[in-house]
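Q: Have a look at this prediction, sequence included:
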Amino acid sequence: MAFVVGNRARVKLSSAALAAGVLCPQPPLLGVVIAIAGGGGAADNITVSFADGREVVVHGAFLDLIGDVASSVIRNGFLDRVVNGWITPPNPPAAGVPYMAAYTGRVVDVYTVDAAIKVLIAALQNGMFYELPVANVNILGDR
Amino acid sequence: MAAGDIVSPRINTASPSTMQLQPPHFGNITAHAAPGSPTVIWDNVNVQTYAAANDANLNFDVIEDPEDATNEAFVGQNVLRVSPSGATAADPAGGTSREFVGIVLAIYKRTPLGNTPGSGNDYLLVKSGELYFEDQATQFTVVI
């Protein structure tokens, strides 16, 4: 996956040894690609201007590509909604268990991370930012 | 340690934890040209090239996936740190005040840099109100 100028990006916090774990910076920090070297690939230098004003040059391998989700998906499904997480553990039959109510949160953002749709919530209880796969988000109709 | 590994400083020298960072930070090793001198891009976008005599002196832990059982036990849960020597012996949380019930923010394994991959302990990073605390998963109990 190659970066082009104008892409959104963030620091990659996954690896071959950390594939299932999720580390959520508090708060998340996104940036915009302002220059690329070569083809913008994993071994090419990518210059990113982050939202706090800093400019960083790093190989594409150490960045996640953040993308847009179709606006209808955001507006119809998530904008101004309160949601909770939904656990899909690796070993059924315990599948389909809701997260504890403390994870109930307002949708902060919906985006793709390397093409997978993610929903970023801020927990109502303490403002904690927490990112969930869209398939594991349950919209609460009564909130 | 290799480029692409996720690392975090090891501030706690004792286990269970005695110090609490607000919050802990994680970084991605972008280069490791020589022992003790990796370059890390941290989750707050700070980029730092280190100059230690060797990798062990860096006191970094490599962050890895937790055991499946730990993940299944704690993902999506509220937890309380166990304090078995506390004043309320019959309480599974011992002396830990209930105000410290927190939401699990992350579950991972910390393996000291240079040790066999996967040989470390599973940790939870928890947020309770504005307070972060991180400790071994064995130090927590799920609160229903």
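A: Structure received.
Q: So what touches stretch A:61-72?
A: A:1, A:3, A:7-12, A:14, A:30, A:42-43, A:46, A:48, A:110-115, A:117, B:3-4, B:28, B:30, B:41 (CB atoms under 8 Å, 6 or more residues apart in numbering or on different chains). Yep, even glycine has a C-beta here, placed from its N, CA and C like the rest.
Q: Residue 20 - how many residues pack around it?
A: No chain was given, so I picked chain A. 14 (other CB atoms under 10 Å in any protein chain shown).
Q: sorry, should have said chain B
A: B:Gln20: 14 surrounding residues under other CB under 10 Å.
Q: quick one: A:Ile87 from A:Gly60, how far?
A: 32 Å (CB to CB, to the nearest Å).
Q: do B:Val143 as well
A: Between B:Val143 and A:Gly60 the computed distance is 42 Å (CB to CB).
Q: quick one, which of those two is more surrounded?
A: Between B:Val143 and A:Gly60, counting by other CB under 10 Å, A:Gly60 is the more crowded of the two (24 against 15).
Q: which ones are touching that one?
A: The neighbours of A:Gly60, taking CB under 8 Å, 6+ apart as the test, are A:Met1, A:Ala2, A:Phe3, A:Gly40, A:Gly41, A:Ala42, A:Ala43, A:Asp44, A:Ile46.
Q: buried subset of the residues you listed?
A: A:Phe3, A:Gly40, A:Ile46 (16 or more other CB atoms under 10 Å in any protein chain shown).
Q: got the contact list for the last one?
A: For A:Ile46, the residues meeting the contact criterion (CB under 8 Å, 6+ apart) are A:Phe3, A:Ala9, A:Val33, A:Ala35, A:Ile36, A:Ala37, A:Gly40, A:Val57, A:Val58, A:His59, A:Gly60, A:Leu63.
Q: beta partners for it?
A: Under DSSP bridges, the beta-bridge partners of A:Ile46 are A:Ile36, A:Val58.
Q: Show the contacting residues for the residue of chain A at minimum distance from chain B.
A: Relative to chain B, the nearest point of chain A is A:Tyr99 (3.4 Å; CB to the nearest CB). By CB under 8 Å, 6+ apart, A:Tyr99 lies in contact with A:Asn84, A:Gly85, A:Trp86, A:Ile87, B:Val75, B:Gly76, B:Gln77.
Q: distance of the residue of chain B found nearest chain A from A:Ile87?
A: The minimum distance from chain B to chain A, using CB to the nearest CB, falls at B:Gly76 (3.4 Å). Using CB to CB, we find B:Gly76 at a distance of 5 Å from A:Ile87.
Q: Need the residues touching each of those two.
A: Joint contacts of B:Gly76 and A:Ile87 (CB under 8 Å, 6+ apart) are A:Val97, A:Pro98, A:Tyr99.
Q: Take the residues you listed and keep only those in helices.
A: Judged by DSSP state H, helices contain none of the shared contacts of B:Gly76 and A:Ile87.
Q: secondary structure class for A:Ile117?
A: strand (DSSP: H, G, I helix; E, B strand; the rest coil).
Q: Test my guess that it contacts A:Val110.
A: Yes: using CB atoms under 8 Å, A:Ile117 is in contact with A:Val110, at 6.9 Å.
Q: Identify the contacts common to those two.
A: A:Val69, A:Val73, A:Val134.
Q: quick one: which of these is nearest B:Thr138?
A: A:Val134 (32.8 Å; CB to CB).
Q: Perfect, I'm done here.
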